[in-house]
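# Please work out how this folds:
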Amino acid sequence: MRRFFALILLGSLLLGCVSRDTNQPEPTKVPRSVLTITPLNDVQVIPRAERPNFLFIITDDLDLELGTIDYMPHLKELLIDRGLTLQKFFISQPLCCPSRATFLRSQFTHNHGVYRNDPPNGGFEEFYSLQRESSTLATWLQAAGYRTVLLGKYFNGYPFSEDRSYVPVGWNEWYSAARGNPTAGFRYTLNENGKLIDYEETGKGESKYMTDVLGRKAGNFIKRASADEVPFFVYLSTYAPHVPVKPATRHENLFPDLKAPRTESFNEADVSDKPGGIRFDPPLSDEEIVQLDEEYRARVQAMQAVDEMIAQLMDVLKETGQLENTYIIFTSDNGYHLGQHRLRSGKASPYEEDIHVPFIIRGPGIESGGRLQGYLTGNVDFAPTIAELAGVIPPDYVDGRSMVPLLGGDKPPFSDWRSAYLLEFYGYNQPDEDPNAPPPVAEYLGLRTTDQLYVEYSDGFVELYDMKTDPFQMTNIAGTADKALLKHLSDWLHELAKCSGSQCRQLEQEPAR
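This is a model prediction of the structure:
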């Protein structure tokens, strides 16, 4: 897999829009050896006689634009056909760790400070050392009496090598991989509430296949919380379909002729209007295309166990009498591309394949089979939405907005919702990077509006696409666009790129031209 930005960062001239906001105080990092994190008392709980439950299923690197979920019949029958699909749900930074921090805290990357997947300036250690764990959706819900559990992936780099039994605050129960390669499905060790349990089976019997194990534990948690009559929040984070993709043995021979979708941008013939990291890529070779087909097939196969897990958990909710009082949400931490614009396999680009993900919600008051169109939503909105449904007023630091007004019948006018969604990307860590390096400068920043994609790169390159006429981002019109429009979008982006809290929600409304 080629890194999309390998050539962009070298020798670049930095634009004003990609500089950090020097007026915001730097967060205080505390050495791990002396840091004890306790939940902050930073939310207001609204008194209620009853509170709904939440089953949140977040997959790892699941595409929307390439149609993998089209091969998940249980997802379609139980969630899509009986819930609401948000047609324009985006990920602000399409990279695992920054995105997950945004889901949990409702902050854009430039505010939560987890810029990358690995240290310095990224990964689990950064989230921990910045004390972000002291205030997350989990701690907010605990304040309202919820029993919380995390199952599966937390952050890249978790846990500490010297403390593999660490359990973050905010979680009543915890089941996350502490050793091994959990994305490979077998031969891993789980941290189960501070106790390390080995799962050494290699695949023949399948009883220890990661997705199946997580599903069983989630079902058991729901049964116990239901018996105790406490509201619950399940954060179920599958490792599928992340590479190395390992389907369950029972699924590895399915779809033998399936190939990666040949979208309009697949192996794009002319990339001369694309940024440098793509512009100099040769076309995909026949061998590379075969590899992409194999990866796509494996991804679809791996999601079959996730699809079965959804059906099993829905049965548990029925059996426990909790189905009618539970919101079930399905999404991904970012999207994925396979051959689009000559990019091999991966994520982190500002293109639709990487930033546009599925988001389906079923639950009390949600219309069956609905499609929410036109409203721009994203991962920064997730935590305040769950908070409102649970009867919690979140902290003032949140950048996102509750999507609750969009879930019912009477929706706000488009003019009262956001007009653009902020995109950020701060690159990958380099092997020789100084561990004391300052926060990185963005490799790109962008705006996804209802009908445009505007991106500025750190070397000065600009992209603009008309999403109505060019949904596959084939023709960059920045070179021929009206200069006043480009300045308008650039000024707007500069302001949003340094926003915080309620200011973000105000700046998302398009300024007058």
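# host element of P405?
Here P405, judged by DSSP states H and E, is contained in helix 404-407.
# Name the strands paired with the helix or strand following that helix and say parallel or antiparallel.
Counting by DSSP H and E, the next helix or strand C-terminal to helix 404-407 is strand 420-425. Paired strands of strand 420-425, with direction, are strand 444-449 (antiparallel) (DSSP bridges).
# does D459 really touch G277, like I thought?
No - between D459 and G277 there is no contact under Cβ atoms under 8 Å: 9.9 Å. For every residue, glycine as well, the C-beta is placed using N, CA and C.
# of these two, who's got more company?
Neighbour tally, D459 and G277, criterion other Cβ atoms under 10 Å: the higher count belongs to G277, 23 against 20.
# Am I right that the more buried one sits in a helix?
Yes - per DSSP: H, G, I helix; E, B strand; the rest coil, G277 lies within a helix segment.
# With P431 as the reference, measure out to it.
Counting by Cβ to Cβ, to the nearest Å, the gap from G277 to P431 is 19 Å.
# swap in Y397?
33 Å.
# which of the two has more neighbours?
Taking other Cβ under 10 Å, Y397 and P431 do not tie; Y397 has more neighbours (15 against 5).
# Not counting residues beside it along the chain, what's closest to that one?
G501 (5.7 Å; Cβ to Cβ, 6 or more residues apart in numbering).
# I'd say the one you found and G400 touch.
No - judged on Cβ under 8 Å, G501 makes no contact with G400 at a distance of 10.1 Å.
# Which one of the two is surrounded by more residues?
G400 (26 against 15).
# Can I take it that the more buried one is in a strand?
No - counting by three-state DSSP, G400 is not part of a strand but coil.
# residue contacts, it?
106-107, 378, 380-384, 504-505 (Cβ atoms under 8 Å, 6 or more residues apart in numbering).
# repeat for D61
D61 makes contacts with 96, 241-243, 332-336, 347, as judged by Cβ under 8 Å, 6+ apart.
# 7 Å - rerun?
By Cβ atoms under 7 Å, 6 or more residues apart in numbering, the contact list for D61 reads 241-242, 332, 334, 336, 347.
# Kindly report the same for P350.
423, 444, 446, 453, 455.
# ok, what's across the strand from the spatially closest residue to the last one that is not a sequence neighbour?
This means V455. Leaving out its chain neighbours, the residue that sits closest to V455 by Cβ to Cβ, 6+ apart is G446, at 3.8 Å. Taking DSSP bridges, one finds L423, V455 as the beta-bridge partners of G446.
# Can you tell me which of the contacts of D61 lies closest to G145?
S332 (29.3 Å; Cβ to Cβ).
# pLDDT score assigned to that closest one?
Per-residue confidence (pLDDT) for S332: 98.
# what residues does the helix holding P405 touch?
Contacts for helix 404-407 (Cβ under 7 Å, 6+ apart): 84, 361, 365-366, 372, 375, 385, 388-389, 411-412.
# now do stretch 506-513
So stretch 506-513 is contacted by 418-420, 488, 492, 495-496, 499 (Cβ under 7 Å, 6+ apart).
# so can I have JSON lines of these showing neighbour count, distance to L464 and pLDDT?
JSON lines is the format used below for these (neighbours: other Cβ atoms under 10 Å; distance: Cβ to Cβ, whole Å; pLDDT from 0 to 100):
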{"residue": "R418", "neighbour count": "25", "distance to L464": "19", "pLDDT": "98"}
{"residue": "S419", "neighbour count": "16", "distance to L464": "16", "pLDDT": "98"}
{"residue": "A420", "neighbour count": "21", "distance to L464": "13", "pLDDT": "98"}
{"residue": "H488", "neighbour count": "16", "distance to L464": "11", "pLDDT": "98"}
{"residue": "W492", "neighbour count": "23", "distance to L464": "13", "pLDDT": "98"}
{"residue": "E495", "neighbour count": "15", "distance to L464": "18", "pLDDT": "98"}
{"residue": "L496", "neighbour count": "26", "distance to L464": "16", "pLDDT": "98"}
{"residue": "C499", "neighbour count": "19", "distance to L464": "22", "pLDDT": "98"}
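# Please, which helix or strand holds E65?
Here E65 is assigned to no helix or strand, by DSSP H and E.
# what's the single longest helix in this protein?
helix 286-319 (DSSP state H).
# That helix - contacts with which helices or strands?
Under the contact criterion of 3 or more Cβ pairs under 7 Å, 6 or more residues apart in numbering; DSSP states H and E, helix 286-319 touches strand 53-59, helix 73-75, helix 210-227, strand 337-338.
# Of all those, which one is nearest T326?
That would be strand 53-59 among the helices and strands packed on helix 286-319, by Cβ to Cβ, at 4.1 Å.
# That closest one pairs with which strands?
strand 232-237 (parallel), strand 326-332 (parallel).
# winner for burial among those strands?
Burial of these is given as mean neighbour count (mean count of other Cβ atoms under 10 Å); strand 232-237 ranks first at a mean of 25.
# how far out from the middle of the chain is stretch 282-296?
26 Å (Cα atoms, centre = their mean, to the nearest Å).
# Which residues does that stretch contact?
With Cβ under 7 Å, 6+ apart as the test, stretch 282-296 has contacts from 245, 258-260, 267, 338-339, 342, 344-345.
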